[in-house]
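In: Quick one, fold the following:
(chains A and B)
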Amino acid sequence: MTLLTDAEASAYWNERHKQEGDLRSGGDISFDEATNRMFYMRRLGMLMDIIGQQTNPVAPLFLLDAGCGKGFFSRELARFGHQVDGIDGSEAAIATCRDLGGGPQYHRSTLSGWRVNWLYDVVFTVDVVFHILDDAEWERSVRNLASLVRLSGKLVIGDWGQDGDRVFGNYQVVRGRQRYLPLLADCGMRFDGWEPYRFRRSPIGLYTFTRTG
Amino acid sequence: MLIHELLPLAGPATEVVEVGHGTLSDLLRVPDGVTHRRYAADDTKPDAGTIVVGFLGPKPEVHADAEALAPAVRELPVGGRVALLLGWPIDELPYHLVLSLLVDANCQVLQVVPLDKVSRHGAHYALIAARVDRLAPLRAHLADTPVDLPGDEPGLRTLLRLIGEYAFESMAIRSARRRLIDMRDKNAAQAQRIKQLEAQVTAGERKLAESEERTARVRAEVARLRASTTYQVGSAMIEGARRPGRAIVTVPAGLVRVWRKRGGDNG
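Out: Predicted structure coming up:
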């Protein structure tokens, strides 16, 4: 099966964010909205474990939700007291985020194109990078996200935890450890682990890296 | 973070040595089995299980003085730690006092921790530091795992990154600080302008009240004049002069009305 081009994938996601419900649009299209809510809650709990259980309104953590979709994680983490930036390439998704508000700052941007003059305590991208079909763009995206993490900060990436790449349909390319570990070691990130979602036979999980150099 | 989470954050302890008024045991919830004493120069020397604690701040009656802390910190051996409560808000924190003191004693600042429930105890921030003979691992903001001094020593790449981040963040902070100063200046100017406008409004209100009072006095005087016999006789006569045809009726009737109302009016 031929993979979508960047332009086709971009149009696909914008249309999907217009057509589908709040969670299904950016979640797992094979699940209904209620199951997606469970799936989102599971992943939110995993993010909490990684980000930590401390919060402070005066000196908050600064987080980047890269590929925020309609902003579920951004809003929930903002409710925990964190200062969140959400970016997404879909105009429709960002418009919904801004309508819903809730504290985060939203910007329309690709993962490789996001520029800012502050570093983040945690940069996370949940089930987004395997939708970047072009390998070069995927690498630019991962490198850019890593560059935004401050010393001792964390980079969290949702993807396939095994070695080897795999293609699902015409709009998903999961990439394995053999891609992430050397690439991010080169970026000064220490590999802390990969934790599977353990949700309905999903093969995906969260990589966690810490910046040490 | 809550105050009682601080000692566990600073790592395992056998002894807590307090510099200051000796009142922090309950606040920090010093665990059973860990001794708590006030610092005295000629007391037992601290060991690697010692945590020096103190509450520094702007109020001498409540807070310890930074200089009083220095001897206790200097006595710490490698592995000994410092946990300080800081009674200044972050934008007023004179951290140079603490930073110099710690660096002079070969202590590494491991974490500066914002505290919850400030109104209850007055401590805005806490600082965790340790006496080191090599660099301890760096810690993330709001990290709550206990301090691990023997962990991986930061290497050259980490130090290069640290220095680079310091350089860029320093530049960004200068810009933000400059904007903050501008905003404070603007706020002060606006506050001054608001005061001037309030004074003008008050003066205007005072003038208005005086005018209203004068108007009321004049109205009362007019009413008194209109009620006077002289005015009413005059009015009856003028009405008669205006309409001579009816004067033969209206003038006597008006005078009778005035005569009937006579009594309290001397006008």
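In: With adjacent residues omitted, what lies nearest to residue B:49?
Out: Here the nearest residue to residue B:49 in space, its sequence neighbours aside, is residue B:14; by CB to CB, 6 or more residues apart in numbering or on different chains that works out to 3.3 Å. Just so you know, the C-beta spots here come from the backbone N, C-alpha and C atoms, and that holds for glycine as well.
In: for residue A:100, same thing?
Out: Residue nearest to residue A:100 in three dimensions, not counting chain neighbours: residue A:71, with 6.3 Å by CB to CB, 6+ apart.
In: what separates the one you found from residue B:182, distance-wise?
Out: Separation of residue A:71 from residue B:182 (CB to CB, to the nearest Å) stands at 32 Å.
In: hang on, the residue nearest to residue A:100 packs against residue A:90?
Out: No. Contact criterion CB atoms under 8 Å: residue A:71 and residue A:90 do not qualify, at 11.1 Å.
In: Tell me if I am right that residue B:52 is in a helix.
Out: No. Secondary structure assignment (DSSP: H, G, I helix; E, B strand; the rest coil) places residue B:52 in strand, not in a helix.
In: Distance from the chain centre to the helix or strand of chain B with the lowest mean pLDDT, please.
Out: Evaluated with mean pLDDT, DSSP states H and E, the helix-and-strand set of chain B has its lowest mean pLDDT in helix B:244-260, which scores a mean of 81. Distance of helix B:244-260 from its chain centroid, counting by CA atoms, centre = their mean, to the nearest Å, is 78 Å.
In: List of residues touching it?
Out: The contact list for helix B:244-260, computed with CB atoms under 8 Å, 6 or more residues apart in numbering or on different chains, reads B:229, B:232, B:233, B:235, B:236, B:237, B:239, B:240, B:241, B:243.
In: now for those residues, which pair is the farthest apart?
Out: When CB to CB is used, the two most widely separated members of the contacts of helix B:244-260 are B:229 and B:243, lying 21.9 Å apart.
In: The two: which has the busier surroundings?
Out: Between residue B:229 and residue B:243, residue B:229 has the larger neighbour count (other CB atoms under 10 Å in any protein chain shown), namely 15 against 11.
In: so who does residue B:77 touch?
Out: Neighbouring residues of residue B:77 by CB under 8 Å, 6+ apart: B:46, B:47, B:48, B:131.
In: Give me the buried subset of the residues you listed.
Out: Those of those that meet the buried threshold are B:46, B:48, B:131, by 16 or more other CB atoms under 10 Å in any protein chain shown.
In: Tabulate the residues you listed (TSV), appending pLDDT, distance to residue B:214 and secondary structure.
Out: Shown next, in TSV, are these (pLDDT from 0 to 100; distance: CB to CB, whole Å; DSSP: H, G, I helix; E, B strand; the rest coil):
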residue	pLDDT	distance to residue B:214	secondary structure
B:46	94	81	coil
B:48	96	85	coil
B:131	97	80	strand
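In: quick one: buried residues of the least confident helix or strand of chain B?
Out: Residues B:247, B:251, B:254, B:258 are the ones in helix B:244-260 that count as buried (16+ other CB under 10 Å).
In: can you tell me how far the second one sits from residue B:37?
Out: The spacing between residue B:251 and residue B:37, counted by CB to CB, is 111 Å.
In: pLDDT value on the residue of the stretch 151-267 of chain B found nearest chain A, please?
Out: In the stretch 151-267 of chain B, no residue comes nearer to chain A than residue B:157, which is 3.1 Å away by CB to the nearest CB. Predicted confidence (pLDDT) for residue B:157: 96.
In: Am I right that it is in a strand?
Out: No. Counting by three-state DSSP, residue B:157 is not part of a strand but helix.
In: now the helices for the chain?
Out: Using chain A here. A:6-19, A:33-51, A:72-79, A:91-100, A:135-147, A:177-186 (DSSP state H).
In: switch to chain B, that's the one I care about
Out: Along chain B, the segments classed as helices by DSSP H run B:6-10, B:24-28, B:66-74, B:95-104, B:118-121, B:156-227, B:229-242, B:244-260.
In: Local confidence estimate at the residue lying closest to residue A:20 once chain neighbours are set aside?
Out: Taking CB to CB, 6+ apart, and ignoring the residues beside it in sequence, residue A:20 has residue A:29 as its nearest neighbour in space, at 7.4 Å. As summarised for this prediction, residue A:29 has a pLDDT of 84.
In: count of residues packed around residue A:29?
Out: 12.
In: Same question for the one 3 residues further on.
Out: The criterion is other CB under 10 Å. On that basis, residue A:32 has 12 neighbouring residues.
In: so it makes contact with residue A:20?
Out: No. The pair residue A:32 / residue A:20 is not scored as a contact, 10.7 Å apart, by CB under 8 Å.
In: how about the CA coordinates for the least confident helix or strand of chain B, as CSV?
Out: Once non-C-alpha atoms are left out, helix B:244-260 reads as follows in CSV (Å, rounded to 0.1, in the frame of the first residue of the first chain):
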residue,chain,number,x,y,z
PRO,B,244,-58.3,95.0,36.0
GLY,B,245,-61.7,93.6,34.8
ARG,B,246,-61.5,90.8,37.4
ALA,B,247,-59.6,92.8,40.1
ILE,B,248,-62.8,93.8,41.8
VAL,B,249,-63.2,90.1,42.7
THR,B,250,-59.7,88.7,42.8
VAL,B,251,-58.0,91.4,44.9
PRO,B,252,-60.4,91.3,47.9
ALA,B,253,-60.5,87.5,47.7
GLY,B,254,-56.7,87.3,47.7
LEU,B,255,-56.5,89.7,50.6
VAL,B,256,-59.1,87.7,52.6
ARG,B,257,-57.0,84.5,51.9
VAL,B,258,-53.9,86.2,53.2
TRP,B,259,-55.8,87.5,56.3
ARG,B,260,-57.0,84.0,57.1
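In: Report the angle between that helix and helix B:229-242.
Out: Orientation of helix B:244-260 against helix B:229-242 (axes from the mean of the first three to the mean of the last three CA atoms, to 10 degrees) gives an angle of 170 degrees.
In: if you count what's nearby, which of residue A:71 and residue B:182 comes out ahead?
Out: Set side by side, residue A:71 and residue B:182 show more neighbours around residue A:71, with 27 against 10, by other CB under 10 Å.
In: Chain B contacts on chain A?
Out: Taking CB under 8 Å from any CB of the partner chain as the criterion, chain A approaches chain B at residues A:52-56, A:58-59, A:61, A:117-119, A:121, A:150-154, A:188, A:210-213.
In: Would you show me how to pick out the buried ones of these in PyMOL?
Out: This is the PyMOL syntax for the buried subset of these, where burial follows 16+ other CB under 10 Å:
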select buried, chain A and resi 52+54+55+56+59+61+119+121+150+151+152+153+154+188+210+211+212+213
